[in-house]
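*Asks:* Here is my input; please provide its structure:
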Amino acid sequence: MWPRGFLSRLLLRVTAGATDRQACARIHPLLVKSGHASDTRLATALADAYAKSGLVARARRVFDETPRRDLVLWNVMISCYSSHGLAHHSWALFASMRRSSGLSGDGFTFSALLSARAPSSSCSHHLGLLAHGLVLRLGLQLDLVVATALLDMYAKSGQVADARRVFDAMLLRNSVSWNAIIVCYGQHGGGKEALQLFVSMLRNDDGCCSRADELTLASLLSSCANMAAAYEATQLHAYALKRGLQAYLQVANALIMAYGKNGFLLQATQTFATIHNPDIVSWSSMVSSFAYLGCAKSAIHFFERMLRQGVRPDGIAFLGVLSACSHAGLIQDGLKYFLVMTKDYQIDPCLQHLACLVDLLGRAGRVQDAYNVLLNISCQTNTDVIGAFLAACKTRGNIELAKWAADRLLGLEPNESANYLLISNSYAAAGAWSELAKVRSHMRNMCGNKVPGCSWIEVGGKVQTFVSNDILLQQSTEMRHMMDLIVTFLEKEFNEDTICKESDLISEWY
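*Replies:* You can find the predicted model right below:
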């Protein structure tokens, strides 16, 4: 007869290891032979060991064979199902617990239920709302673990406003809750709010000593890349160096993209040089950064260097080098890389690859070949590919194929003003003035006024966005006064002919 204390210590060692399946299989018969298989504490430890080893069916067998089940054993089994993506099983077991044992569950129960991912997003959101209602009913919303699980559930479902309401209602917050809400905003286009929350966390607004982890920092840097916030990117870089987080690969990769999209290629290259073992994301980030800023030769150089290092390129890396070749007019290089991608690496081209291919063929004057690509690869329903083909028709003056592309484009997006402008420019380049007048008239009926393009500049750590003749911009009056002073200065310094030329030039700024 094996003593109960010895078996307890043995099970604790197995559960600490968490993944030794053979050890679990050896200990289970010992429990049965010793007569301790029905002991709730030992059964709970064994079920937990099976769960951590990925043996869900055996964990459920131990659970079913245990006659007296306490809340800890129920939580272990619910958590087992949740951690293995079996949301419906975990909820069915939770319902069985409430019916058979009368237990309502505690914070660990609901944190496990909230972390379970359902097969569909709508089902997952529905189960999350059900869990939230039960949490409020049982008064567990003030539990830090439960509130953080609620926050994470809403964040993963894309319900940013609900996640923020849960965060604001928390009396206590830890690093996990701060990082969860910051990443939530960053992943759903709220980069500005994410940076504001990060500053609040650093200022210790809630009295809790919280720090950003590497995942949060990578999310913030991605937001800086999307917002063109160069100042914030450099500040985050300094924070990463201070905390020693730049050594994490995801942080270094995000830094490369943040610097690259803000135009700081030197800093992006220096960051890349600090990575001891760059992965495909690192290489692709460098290639994309150079392509984004029109440095095609440098993009090709990094791509070829990646191949020499033995790194297998993926579709994103090829998209970067194809985009660089397309924008720079390197037709032969672009076609070569497209063939290498499809034939040597057996990568199926996505719609973005096909848009680059159509653009390359158009630049080479092979408009008919580009047309055949559209027909043969069934990409006639993608506006990017059709738009690239229309631009090729405009360049080569092929009015018949331009009309075909225009009909396709307007059929896909009849209310998009940019499409009308592209079509009208194509007709204007071909001298088809009657067709141009029809498109302009149709555009006024469908889209109203043209949406102006915007520009932005970072001043004092803030990104200022403005459009042409923007009277709503802060300090626009002062800016106009400054322009008037410049005009006055020019009038004093230059002769009358120069004055007229400069005045006409400056009037365009208004």
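
*Asks:* Now Tyr371. Its backbone dihedrals?
*Replies:* Backbone torsions for Tyr371, taken as degrees, to the nearest 10, come to phi -60, psi -40.

*Asks:* what's the answer for Tyr345, then?
*Replies:* phi -110, psi 0.

*Asks:* low-scoring stretches of the stretch 301-450 of the chain, by residue?
*Replies:* 378-381, 414-422, 427, 429-430, 432, 436, 439, 442-450 (pLDDT under 70).

*Asks:* in it, which spans are helices?
*Replies:* Counting by DSSP state H, counting those that start in this stretch, the stretch 301-450 of the chain has helices at residues 315-328, 331-339, 351-363, 367-376, 383-396, 399-412, 417-430, 433-447.

*Asks:* Can you tell me the closest non-neighbouring residue to Leu360?
*Replies:* Once flanking residues are discounted, Leu360 sits nearest to Gly334: 4.3 Å by C-beta to C-beta, 6 or more residues apart in numbering. For glycine as for every other residue, the C-beta is placed from the backbone atoms N, C-alpha and C.

*Asks:* got the contact list for that neighbour?
*Replies:* Listed by C-beta atoms under 8 Å, 6 or more residues apart in numbering, the contact set of Gly334 reads 322, 325-326, 356-357, 360.

*Asks:* got those residues as a markdown table, with neighbour count columns?
*Replies:* What follows is those, written out as a markdown table (neighbours: other C-beta atoms under 10 Å):
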| residue | neighbour count |
| --- | --- |
| Leu322 | 31 |
| Cys325 | 27 |
| Ser326 | 23 |
| Cys356 | 25 |
| Leu357 | 25 |
| Leu360 | 25 |
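
*Asks:* Grab the two from the residues you listed that are most spread out in space.
*Replies:* Using C-beta to C-beta, the pair of those lying farthest apart is Cys325 and Leu357, separated by 10.3 Å.

*Asks:* Save the helices of the stretch 301-450 of the chain as CSV, and put in distance to Arg165 too.
*Replies:* Shown next, in CSV, are those (distance: least, C-beta to C-beta, whole Å):
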stretch, distance to Arg165
helix 315-328, 36
helix 331-339, 48
helix 351-363, 37
helix 367-376, 47
helix 383-396, 36
helix 399-412, 38
helix 417-430, 36
helix 433-447, 37
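
*Asks:* With Leu151 as the reference, name the closest of those.
*Replies:* With distances scored as C-beta to C-beta, the stretch of the helices of the stretch 301-450 of the chain nearest to Leu151 is helix 315-328 (30.8 Å).

*Asks:* circling back: of the helices of the stretch 301-450 of the chain, which is nearest Ser476?
*Replies:* For Ser476, the closest of the helices of the stretch 301-450 of the chain is helix 417-430, at 24.7 Å, according to C-beta to C-beta.

*Asks:* can you map out the strands along the chain?
*Replies:* Listed in chain order, the strands of the chain (DSSP state E) span 454-459, 462-467.

*Asks:* nearest to Leu134, of the helices of the stretch 301-450 of the chain?
*Replies:* With C-beta to C-beta as the yardstick, what comes closest out of those is helix 315-328 (42.2 Å).

*Asks:* Now for this protein, the helix or strand with the poorest mean pLDDT.
*Replies:* helix 496-507 (a mean of 44; mean pLDDT, DSSP states H and E).

*Asks:* And stretch 246-253, what's buried?
*Replies:* 246, 248-253 (16 or more other C-beta atoms under 10 Å).

*Asks:* Check what pLDDT the spatially most central residue of the chain gets.
*Replies:* In the chain, the C-alpha nearest the mean C-alpha coordinate belongs to Gln187, at 5.1 Å (C-alpha atoms, centre = their mean). If you check Gln187, the pLDDT there is 89.

*Asks:* Test my guess that it contacts Ser219.
*Replies:* Yes. Checked against C-beta atoms under 8 Å, the pair Gln187 and Ser219 is within contact range at 6.6 Å.

*Asks:* and which of the contacts of Gly334 is nearest to Ala299?
*Replies:* Looking across the contacts of Gly334 and measuring by C-beta to C-beta, the closest to Ala299 is Cys325, at 8.3 Å.

*Asks:* How about the closest one, nearest residue that isn't a chain neighbour?
*Replies:* Nearest non-adjacent residue to Cys325, counting by C-beta to C-beta, 6+ apart: Gly334, 3.2 Å away.

*Asks:* From Gly191, how far out is that neighbour?
*Replies:* For Gly334, the distance to Gly191 equals 32 Å [C-beta to C-beta, to the nearest Å].

*Asks:* what's in contact with stretch 159-171?
*Replies:* 125, 141-142, 144, 147-148, 150-151, 154-155, 173, 177, 180-181, 184-185, 188, 190.

*Asks:* ok, 10 Å please
*Replies:* 125, 128-129, 132, 135, 141-144, 146-157, 173, 177-178, 180-182, 184-185, 187-190, 193, 197, 206 (C-beta atoms under 10 Å, 6 or more residues apart in numbering).
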